[in-house]
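# Pasting a predicted model and its sequence here:
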Amino acid sequence: MDGQRLLPAGVDETIALLARGDYVADRALGTAVHLALAMRRPLFLEGEAGVGKTEIAKVLSRTLGRRLVRLQCYDGLDLASALYDWNYTRQLLEIRLAEAAGERDKERLARGIFDRRFLIERPLLQAISPEGGPAVLLIDELDRADEPFEAFLLELLADWQVTIPELGTVRAAEPPVVVITSNRTREIHDALRRRCLYHWVDFPDAARELAILARKAPQAGERLARQVVAFVQRLRQIDLFKTPGVAETIDWCAALAHLDATELDTDRVDHTLGVLLKYQDDIARIRGEQAAAFVAEARAA
Amino acid sequence: MSAIAHGSGRLPQNVMHFARLLRRAGLAVGPGQVLDAIAALDHVDLGRRSDVHVALRSVMAVRRDQWEVFDAAFSLFWRNPDRDVAEAMMAALEGLRRAPQPARSKPGHRRAAEAFAEASRCRTGSAPEAEKTRIDALLAVSDQERLRRMDFEAMGEAEIRAARQAIARLRLPLDSVPSRRFRPDRQGPRADLRETLRKSLRGGGVLVEIARRERRRRTPPLVALCDISGSMGRFAPMLLHFLHTVASTRTRTHVFLFGTRLTNITRALRHRDPEAAFAMVAALVPDWSGGTRIGEAIGRFNKDWARRVLGQGAVVLLITDGLDRDAGAGLAEAMDRLHRSCRRLIWLNPLLRYEGFEPLASGIRAMLPHVDDFRPAHNIESLEGLVRVLSAPAQAGRTAA
């Protein structure tokens, strides 16, 4: 297992590990991640869009030196696209070839057809198959999948093995590190929650958001970053349809830096508000007077 | 933190006490979670109170809305986890859980009382009752007919009771939409290659028959938003009965009530006994028979709930008379957004019973352009009509009334 590193020994080491992957975690999140790694439990993360839930899995895969397997969930996700499928075209071809060669033995034919060669591994099977070493499995936006899939997942998370009727059982040599995320477009069932370590990822406070900007948008000047953070933090206090997440802050700061801004000014803010706010109602409400007031506050801070 | 730092022997016990406390506060903490919590404490520094806090929370409070209760319980319990203190605390927290259910007669009581009253009435008037029986039997059919037409508003107690029973018998046959899952179907439009291959191998590798499959169908979520302001008067309780029936027979149903504010009563309605359910609802809802701010209530729904319950093609049932205290302020925008975030928006209006009803109130005029279907909801017949609409497949084009 080249490049693969040991799991961190404590909460501080875990936070340091995440920091090496440019992820600035607060202590609560660091504790939850540490527990998930130490207890070998799936980590179930909920929170607003854009607070960095998915990013955790990516950073863990990078810093632990494990391969990342990602399963993006959607309504109607079925086993053929989540677990495995057979390559039917090649199988049919194989049957033709066998017939041409005069093969008559049913048993041998079946064995030849349902062979590992013709198996298409989908993310869940990839994550537990021993080839390629231990994985980090990211099950993204589980709330988009439907209830039957959740029930199946429950079984998989308990045993870490999959039975393929035609082939046999595949078992994970080492269970993958699992990160499950949800945006709460549907409530995930309690049964699944209990098997996981739960953490609600909140918006960061000003100091942490500034630290994030320093890593993720280093091209922006210190003063600009400080004012951007003050502006966004103020924006989160009012009742918007969609509160901007950290991802939006990073994008916005990068956009302003791209426009050669060294500090906030009303014009640039008005023109780039679409990077930060994603609904017309919100933009209409903030643009102009409100934005000007926040800019003044941010510059004074 | 002194108690935790003391030898580890007492720690599991304290975690168990703490779990009992959480259960009393209304968190469903199972024995598995207690074991997990004890295991989790092995991996954190017991000297750091905040780490212990987060570790226990990530195992024992698995929903964001449980965190407030958990945090309160944690700060109380781990300050001094003595048994006596814990007991006192439990008593205190008992109040925390009971708060939404003020002391009142048990749900079954009223029905029991009603049943008893009926029995005693029969006993006193048994002789004339017997004579009337034959005639009653003849009248029975038309009686039911009358009940179906009668306004909820014009009904007396006895009629309301009968209406309730009729509503309880209403079943919502399930409207369905195609899902992306498949089931085997001989006449299905798509070939099932996996099954075809298996079959052909049974026959020695010759493709004999192509197996086919069809999309599975399932019911979309139903979200009901019901107005309980003063102008809805008598309709609201009846409609609540209807919603309880629907919620208990159909999966993926969410019910919200609104007057001047919005309350989610889905969990309360899940109680099978209607009276127990309504007692919980009554305790949850602070604004019975007050004014209505429809625009604000729908706006709140759009912000807080729409993205959580309107996924996967939901049908929204909006039950209101459209009489708005704010004279339609912000209503059109809120309705527009609601309309665009669901698959089908049906407005039930009890005012529609008056012939020659004209949408004069500004609220009604603001809402009308944004609904797919506009229906009456003032008697059982109209509810039956609604059941038919909900079970019919959705039309391809949207028809605004």
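Sure thing, it's come through. Residues are numbered from 1 along each chain as shown, chains lettered A, B, ... in the order given.

# neighbours around the residue of the stretch 251-400 of chain B found nearest chain A, how many?
Closest contact between the stretch 251-400 of chain B and chain A, by CB to the nearest CB, is at B:G311 (4.3 Å). C-beta coordinates here come from the backbone N, C-alpha and C atoms, glycine included. The tally of other residues near B:G311 (other CB atoms under 10 Å in any protein chain shown) stands at 21.

# in a helix, that's where it is, yeah?
No. Secondary structure of B:G311 (DSSP: H, G, I helix; E, B strand; the rest coil): coil, not part of a helix.

# contact partners of the strand or helix carrying B:Q33?
If you go by DSSP states H and E, B:Q33 is part of helix B:31-41. Applying CB atoms under 8 Å, 6 or more residues apart in numbering or on different chains, the contact partners of helix B:31-41 are A:35, A:39, A:41, A:194, A:197, B:11-12, B:15-16, B:19, B:52, B:55-56, B:58-60.

# State the phi and psi torsions of A:A101.
phi -80, psi 0 (degrees, to the nearest 10).

# Which residue does the stretch 1-150 of chain A have closest to chain B?
Counting by CB to the nearest CB, the stretch 1-150 of chain A gets nearest to chain B through A:G76 (2.5 Å).

# What residues does the stretch 101-250 of chain A have near chain B?
A:103-104, A:106, A:109-110, A:113, A:143-144, A:146, A:148, A:183-187, A:190, A:193-194, A:196-200, A:239, A:241 (CB under 8 Å from any CB of the partner chain).

# Filter these down to the buried ones and express that as a ChimeraX selection.
The ChimeraX command for the buried members of those (criterion: 16 or more other CB atoms under 10 Å in any protein chain shown) is given here:
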select /A:109,110,113,143,144,146,148,183,184,185,186,193,194,196,197,198,199,200,241
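
# Inside helices: which ones of the residues of the stretch 101-250 of chain A next to chain B?
Counting by DSSP state H, the part of those found in helices is A:K106, A:L109, A:A110, A:I113, A:P148, A:D190, A:R193, A:R194.

# Retrieve the pLDDT associated with the last one.
The predicted local distance difference test score for A:R194 is 91.

# next one: B:W67
What the model reports as pLDDT for B:W67 is 90.

# What about the residue of chain B found nearest chain A, how many residues nearby?
At 2.5 Å from chain A, B:R180 is the closest residue in chain B, using CB to the nearest CB. B:R180 has 13 neighbouring residues, counting by other CB under 10 Å.

# what's near enough to touch it?
Residues near B:R180 by CB under 8 Å, 6+ apart: A:D75, A:G76, A:L77, A:D78, B:R215.

# name the element it belongs to?
Per DSSP H and E: B:R180 is located in strand B:177-184.

# where along the chain do the strands fall?
I'll assume chain A. A:43-47, A:67-72, A:84-86, A:119-121, A:135-140, A:161-164, A:168-171, A:177-182, A:197-201 (DSSP state E).

# Hmm, no, I was thinking of chain B.
Assigned by DSSP E, chain B shows strands spanning B:177-184, B:190-191, B:212-218, B:222-227, B:253-258, B:262-264, B:315-319, B:344-349, B:373-376.

# looking at the ones you listed, which is buried most?
Ranked by average neighbour count under the criterion mean count of other CB atoms under 10 Å in any protein chain shown, the strands of chain B are headed by strand B:315-319 at a mean of 26.

# CA atoms only for that strand - export them in CSV, please.
This file holds the C-alpha atoms of strand B:315-319, laid out as CSV (Å, rounded to 0.1, in the frame of the first residue of the first chain):
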residue,chain,number,x,y,z
VAL,B,315,-48.7,17.5,-5.1
VAL,B,316,-49.6,20.5,-2.9
LEU,B,317,-53.1,20.8,-1.5
LEU,B,318,-53.8,24.4,-0.3
ILE,B,319,-56.9,24.7,1.8
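
# now for the helix or strand of chain A with the lowest mean pLDDT, which elements pack on it?
The helix or strand of chain A with the lowest confidence, counting by mean pLDDT, DSSP states H and E, is helix A:106-113 at a mean of 78. With contacts taken as 3 or more CB pairs under 8 Å, 6 or more residues apart in numbering or on different chains; DSSP states H and E, helix A:106-113 sits against helix A:88-100, helix B:193-202.

# so what are the domain limits for chain B?
Following automatic domain parsing, chain B resolves into domains at B:2-98, B:177-218, B:222-391.

# again with chain A
Chain A resolves into domains spanning A:11-75+A:124-201, A:84-121, A:206-300 when parsed by automatic domain parsing.

# Nearest to B:H244, out of the ones you listed?
Nearest of the domains of chain A to B:H244, taken as CB to CB: domain A:11-75+A:124-201 at 20.2 Å.

# Endpoints of that closest one, how far apart?
Terminal residues of domain A:11-75+A:124-201 lie 17 Å apart, using CA to CA, to the nearest Å.

# gap between that domain and the chain center?
Centroid separation between domain A:11-75+A:124-201 and its chain, computed with CA atoms, centre = their mean, to the nearest Å, is 8 Å.

# so which of the domains of chain B is the most packed in?
Buried most deeply of the domains of chain B, by mean count of other CB under 10 Å, is domain B:222-391, with a mean of 20.

# Average pLDDT for it, rounded please.
78.

# now stretch A:197-205
Here the average pLDDT along stretch A:197-205 is 95.

# Show me which of the contacts of helix B:31-41 is closest to B:R375.
Ranked by distance to B:R375 (CB to CB), the contacts of helix B:31-41 are led by A:R194 at 42.2 Å.

# Distance to A:T169 added to the strands of chain B, as JSON lines?
Shown next, in JSON lines, are these (distance: least, CB to CB, whole Å):
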{"stretch": "strand B:177-184", "distance to A:T169": "24"}
{"stretch": "strand B:190-191", "distance to A:T169": "29"}
{"stretch": "strand B:212-218", "distance to A:T169": "26"}
{"stretch": "strand B:222-227", "distance to A:T169": "41"}
{"stretch": "strand B:253-258", "distance to A:T169": "39"}
{"stretch": "strand B:262-264", "distance to A:T169": "44"}
{"stretch": "strand B:315-319", "distance to A:T169": "42"}
{"stretch": "strand B:344-349", "distance to A:T169": "45"}
{"stretch": "strand B:373-376", "distance to A:T169": "52"}
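
# ok, back up a step: now for the contacts of helix B:31-41: which two are most distant?
Farthest-apart pair in these is A:R194 and B:L11; separation 21.4 Å (CB to CB).

# residue closest to the middle of chain A?
By CA atoms, centre = their mean, chain A has its centre lying nearest to A:T54, at 2.1 Å.

# Let's see the pLDDT reported for residue 143.
Let's take chain A. For A:D143, the model assigns a pLDDT of 89.

# wait, chain B
In this prediction B:D143 is given a pLDDT of 50.

# for A:D22, same thing?
In this model, A:D22 carries a pLDDT of 93.

# so how far is A:L138 from it?
Distance, A:D22 to A:L138, using CB to CB, to the nearest Å: 17 Å.

# buried ones in stretch A:26-35?
By neighbour count, with 16+ other CB under 10 Å as the criterion, the buried positions of stretch A:26-35 are A:A28, A:L29, A:G30, A:T31, A:A32, A:V33, A:H34, A:L35.

# Could you measure from the fifth one over to B:N302?
I take that to be A:A32. For A:A32, the distance to B:N302 - CB to CB - is 31 Å.

# give me the number of residues near A:A217?
The number of residues packed near A:A217 is 21, by other CB under 10 Å.

# In contact with it, which residues?
So A:A217 contacts A:A225, A:I250, A:C253, A:A254, A:A257 (CB under 8 Å, 6+ apart).

# One more pass at 10 Å, please.
Contact analysis of A:A217 by CB atoms under 10 Å, 6 or more residues apart in numbering or on different chains lists A:224-225, A:228, A:249-258.

# same check, this time on A:T272
Shown in contact with A:T272 (CB under 10 Å, 6+ apart): A:D251, A:W252, A:A255, A:L256, A:H258, A:L259, A:A261.

# please redo it, this time with the cut-off set to 7 Å
A:W252, A:A255, A:L256 (CB atoms under 7 Å, 6 or more residues apart in numbering or on different chains).
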